[in-house]
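A.B. asks: no sequence on this one, just coordinates:
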């Protein structure tokens, strides 16, 4: 289910980015902060938000624009009224790509990128459903 507020949405995206970057410890090292700080930045109970520089730095480290790409889509009005069938088929495609990546023995970083892509596609499905569905 999509988070209720903009700050919760950003935190959910940031959590996906942290996972794509290899987890809390790896993200902490990349950002030069403690893993506790990463926990605060991803916790819905904490008012602390990641800074733009933290997002950009971590996206560069993960080699994925998890947060900025999602926010850019929202700013363009994309993602609203998306087709659930299309979104679900993208999940299947991303899942298949992940399987292919693992089967061919790709490096860990490439597998993690495929996992992050699958997670991003999964996140699009609930957003594509109407409120009365």
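C.D. replies: That came through fine. As the structure is a computational prediction, the values presented were derived from the model and not from experiment.
A.B. asks: so where's the protein uncertain?
C.D. replies: Along the chain, the parts satisfying pLDDT under 70 run over 1-5, 78-82, 85, 130-133.
A.B. asks: pick out the residue nearest the middle of it.
C.D. replies: Centroid-nearest residue in the chain, with Cα atoms, centre = their mean: residue 16, separated by 3.3 Å.
A.B. asks: and whichever strand or helix holds that one, how far out from the chain middle?
C.D. replies: Assigned by DSSP states H and E, residue 16 belongs to helix 6-20. On the basis of Cα atoms, centre = their mean, to the nearest Å, helix 6-20 sits 6 Å off its chain's mean C-alpha point.
A.B. asks: got the contact list for the residue nearest to the centre of the chain?
C.D. replies: 66, 67, 116, 119, 120, 123 (Cβ atoms under 8 Å, 6 or more residues apart in numbering). To be clear about C-beta, it is placed using only N, CA and C from the backbone, and glycine gets the same treatment.
A.B. asks: let me know whether the fourth one touches residue 19 as I believe.
C.D. replies: Which is residue 119. Yes - with contact defined as Cβ atoms under 8 Å, residue 119 counts as touching residue 19 (7.1 Å).
A.B. asks: so the two - more neighbours on which side?
C.D. replies: The neighbour count for residue 119 versus residue 19, taken as other Cβ atoms under 10 Å, is higher for residue 19 (19 against 16).
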